[in-house]
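Participant: I need the structure of the sequence given here:
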Amino acid sequence: MSDETGPRGGVPTIRDGLTVAGESIDRNRQEFYEFGPFRLDPAERKLLRGDDVVELTPKAFDTLVLLVRNSGHLLEKEKFMAALWPDSFVEEGSLSNNIFLLRRALGDDPAFIETIPRRGYRFIGAVRQLPPTPPSRTAEPPDGLREPFHEVSMGKDQSSPIVVAVPANARRFWRMVTMIAALAVAMLAIGVVVRWLSPARPTDRSQWVQLTKLPDSVTQPALSPDGRMLAFIRGASTFFGPGQVYVKLLPDGEPVQLTHDNILKMSPTFSPDGSRIAYTTVNPQFHWDTWVVPTLGGEPQLLLRNASGLVWTGLRQVLFSEIKMGIHMVIVAAEESRIGARDIYLPEDEPAMAHRSYASPDGKWALVVEMDDDHYFLPCRLVSLDGSSPSRNVGPLRGGCTVAAWAPDGKWMYFTANPDGVNHIWRQRFPDGKPEQITSGPTEEEGIAMAPDGHSFVTAVALENTSLWVHNAKGERQISLEGNGAKPKFTPDGKRLCYLIVKEAPNKFTWYRDPGELRIADLESGRSEPVVRGLSVLDYDISPDGQRVVIWTMDTEGKPRLWVARLDRSSSPAPIPNVEGGSPRFGPDGDIFFRRAEKTSTFVYRVHPDGAGLRKALADPVFLLWDVSPDGRWISGWAPLAGNGSLVNQAFPLDGGTPIQIGDAFILTWWRDGRAAYVGGYLGGYLIPLSPHESLPRIPPGGFHSEAEIAHLPGARRIDVEGLVPGSSADVYAFYRNTVQRNLYRIPIL
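Facilitator: Below is the predicted model of the structure:
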């Protein structure tokens, strides 16, 4: 027999409960409680889950005793604290911390502790108070078997056996029980095999559980080792970008902001004991560092310089990404102090970057997220941590993979991938199963935080759309009515606008190889039509005479190719022979500038549209090509500084002179008539008028270090739009309007 206690049960009064909760507990008083999978023994100060002892601090244990003894009743904070600290004055945060520790220990399935806002706490789990002595070992035999069994046992003096008889019908009963048990074991084994061969898939969307309900964007989820806390970045970027690190106690705790700065961030992760959250920061000089912040709040502290995407593989063992030279980023294993550092995986091409790594549960393998030499995400890679096996691509082999994870038993690999242009979650049985897509539909899912039991994962689910707008003397108007418009460019006369329709919404921090359909719109009539059919376009540019367009595509072997087509479609598109490259830009003389990857870096080349005259435009490497000035004298791009290798936006003279630094955070482009330049970023910048003989604005030595320096230039005018693209004259430009709503969901795997 046991006494069920709850809101209506025979629970001691709160006064009685409080008087025994402190250190003076009567250890001779026998009392035992059960709730959910737990058994509480106050006298022995033990909390058991099955046969395992649940570790609690002394005050957290006393807090639990109080809650359980008063199950179903509100415990006011003041009385609660007076009982726990009868001779001391403590702040309310001490009680909140004990509740926090208890919720971590007890879990949330079901939730046992209810918070009554501004008043106190209530234990809401059904509690059974067990009798003080163990139940008798004897039990009534089944009906029809009340005759004695054939059993041999020792007498009280442990010297003489006691033998009793067992009737035949009892033997038949136990044989039947044995057969049923054997059948059950066989059925279980068959079920395991069937599950292995035909693994269960995640449930439908009706069973997805929303974990955050913020009005803007939440990304990059991470779960604590016990699965009871959720960390994330509140910000729009799923790679790196502006935002703050938050933590939330599951299932319904309030999100708590842990960081308060304007540094770009990515990849939060918990330490093995759950006490710290590490995250990556990226500063304007493109330095990647790892910081940590206490889970319960406090000042962030620098953990490692030149280390990003850090994850723990043991108590003090970590994996992280490290830049070796330029932007060549590799995966490194080391102790948390960097002692014993050794390279695990080096991308073949020097400009390539291995950004994130995820160690397998057995510590023998890692899944690596990497970019190619054009800085687009590649399929994920499986790497042997001891170097005993060659690395190879896993998951979907088209598109990019941005996040990966392992099932807790190491039998499945999980990926965020976009082989069809939209991010969904995929998985593949380790080591060489067939990739299978496990989420789909109108939303995008990115990020994978696997639950410790392997029965679910947390991901960011988004609805996002980007529309293209044009500003001119008549005001503003939307151009792309359906789909995501991207990469707008005006014809030289300003009357038409080319753009791509892509699946992935454009974003400053989005680095997907996202091909689309190239269209051209008449700005007077609003009519839009395809420029070329059958080519998936990554980037393009329009010739100075407005007659042709150069197009960047990928061929069937995955090599970057350039094509030239006429905007009036009077002839079919033609490839530029013997040229591999991307990011094409027309010069004023009709030459085409483009980026070309070489073994150790990326350089800007130029070529005639017919393939003649191929040569290097600049001797120094340029990793990203922004624009060519209308007078053909300058190229703007992102490249390492000569001498120290720091990555900075620069203007390169095509006559071989010295490059000029523009600044860490500011790019430079030009209006097509050459009368103004734009200096700024994705979220807005400044129009700077240029005199007839100027190609560049007046850039201070060392480049611009603040917007204030740009704003003080003569005639500078701030334009607050996203993704500004200059047009034919200073009052004409295109820009984006983006809508995104992204929250975190738990997706079950049955």
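Participant: Quick one: end-to-end distance for stretch 708-727.
Facilitator: Taking CA to CA, to the nearest Å, the first and last residues of stretch 708-727 lie 25 Å apart.
Participant: Check stretch 362-376 too.
Facilitator: Stretch 362-376 has an end-to-end distance of 30 Å (criterion: CA to CA).
Participant: in terms of contact, does W634 touch L696 like I think?
Facilitator: Yes: at 6.6 Å, W634 counts as touching L696 under the criterion of CB atoms under 8 Å. Where C-beta positions appear, they are placed from N, C-alpha and C, glycine not excepted.
Participant: between the two, which one's more packed in?
Facilitator: Ranked by neighbour count (other CB atoms under 10 Å), W634 and L696 place W634 first, with 24 against 19.
Participant: Leaving out chain neighbours, which residue sits closest to that one?
Facilitator: A651 (5.0 Å; CB to CB, 6 or more residues apart in numbering).
Participant: now swap in G715 and tell me
Facilitator: Excluding its sequence neighbours, the residue lying closest to G715 (CB to CB, 6+ apart) is P689, at 4.0 Å.
Participant: Please report the distance of the one residue sitting closest to the centre of the chain from P294.
Facilitator: Geometric centre of the chain, nearest residue: Q220, 2.6 Å, by CA atoms, centre = their mean. Separation of Q220 from P294 (CB to CB, to the nearest Å): 19 Å.
Participant: S646 now?
Facilitator: Relative to P294, S646 is positioned 32 Å away (criterion: CB to CB).
Participant: Quick check on D62: phi, psi?
Facilitator: Backbone torsions for D62, taken as degrees, to the nearest 10, come to phi -60, psi -40.
Participant: Number of residues surrounding it?
Facilitator: Count around D62 with other CB under 10 Å applied: 22.
Participant: Next: G558.
Facilitator: When neighbours are counted by other CB under 10 Å, G558 registers 8.
Participant: Next, F286: secondary structure please.
Facilitator: What DSSP: H, G, I helix; E, B strand; the rest coil gives for F286 is coil.
Participant: Quick check on it: phi, psi?
Facilitator: Dihedral pair for F286: phi 60, psi 40, per degrees, to the nearest 10.
Participant: Contact partners for it?
Facilitator: 327, 646-647, 664 (CB atoms under 8 Å, 6 or more residues apart in numbering).
Participant: Which of those residues ranks first by neighbour count?
Facilitator: I327 (22 neighbours).
Participant: How much space separates that residue from L310?
Facilitator: 18 Å.
Participant: list the contacts for Q437?
Facilitator: 396, 424-426.
Participant: Look up which residues are beta-bridged to it.
Facilitator: Note on Q437: beta-bridge partners by DSSP bridges are W426.
Participant: Check it and give its pLDDT.
Facilitator: For Q437, the pLDDT comes out at 94.
Participant: same thing with P692?
Facilitator: pLDDT at P692 comes out at 88.
Participant: Which phi and psi values does the residue nearest to W634 adopt?
Facilitator: According to degrees, to the nearest 10, A651 has phi -110, psi 120.
Participant: residue contacts, it?
Facilitator: Residues in contact with A651 (CB under 8 Å, 6+ apart) are 634-636, 659-660, 662, 668, 696, 699.
Participant: can you check V54 too?
Facilitator: Neighbouring residues of V54 by CB under 8 Å, 6+ apart: 38, 47-48, 105.
Participant: If we use 6 Å, what do you get?
Facilitator: Neighbouring residues of V54 by CB atoms under 6 Å, 6 or more residues apart in numbering: 47, 105.
Participant: now do the same end-to-end measure for stretch 529-541.
Facilitator: Terminal-residue distance, stretch 529-541 (CA to CA): 17 Å.
Participant: Could you give the separation of that stretch from the chain centroid?
Facilitator: 31 Å (CA atoms, centre = their mean, to the nearest Å).
Participant: What of stretch 242-254?
Facilitator: On the basis of CA atoms, centre = their mean, stretch 242-254 sits 14 Å off its chain's mean C-alpha point.
Participant: Using PDB, write out every CA atom in that stretch.
Facilitator: C-alpha atoms of stretch 242-254 as PDB (Å, rounded to 0.1, in the frame of the first residue of the first chain):
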ATOM      1  CA  PRO A 242      25.000  40.600 -35.900                       C
ATOM      2  CA  GLY A 243      23.000  39.200 -32.900                       C
ATOM      3  CA  GLN A 244      23.200  38.200 -29.200                       C
ATOM      4  CA  VAL A 245      23.600  34.900 -27.500                       C
ATOM      5  CA  TYR A 246      20.600  33.800 -25.500                       C
ATOM      6  CA  VAL A 247      19.900  30.800 -23.200                       C
ATOM      7  CA  LYS A 248      16.500  29.300 -22.300                       C
ATOM      8  CA  LEU A 249      15.500  26.600 -19.800                       C
ATOM      9  CA  LEU A 250      13.300  24.000 -21.500                       C
ATOM     10  CA  PRO A 251      10.500  23.600 -22.000                       C
ATOM     11  CA  ASP A 252       9.000  27.000 -21.100                       C
ATOM     12  CA  GLY A 253      11.700  29.100 -19.400                       C
ATOM     13  CA  GLU A 254      12.100  32.700 -20.400                       C
END
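Participant: Show me what it is in contact with.
Facilitator: Stretch 242-254 is contacted by residues 103, 108, 228-235, 255-259, 264-265, 268, 279, 295 when judged by CB under 6 Å, 6+ apart.
Participant: Return the subset of these lying in helices.
Facilitator: R103 (DSSP state H).
Participant: tell me which element the closest residue to I479 other than its chain neighbours is part of?
Facilitator: The spatially closest residue to I479, leaving aside those adjacent along the chain, is L468, at 4.4 Å (CB to CB, 6+ apart). Under the criterion of DSSP states H and E, L468 resides in strand 456-472.
Participant: Name the residues of that strand that are buried.
Facilitator: For strand 456-472, the neighbour count (16 or more other CB atoms under 10 Å) marks 456-462, 464, 466-472 as buried.
Participant: Among those residues, which one sits closest to S388?
Facilitator: Of all the buried residues of strand 456-472, S388 sits closest to F457, with 29.2 Å by CB to CB.
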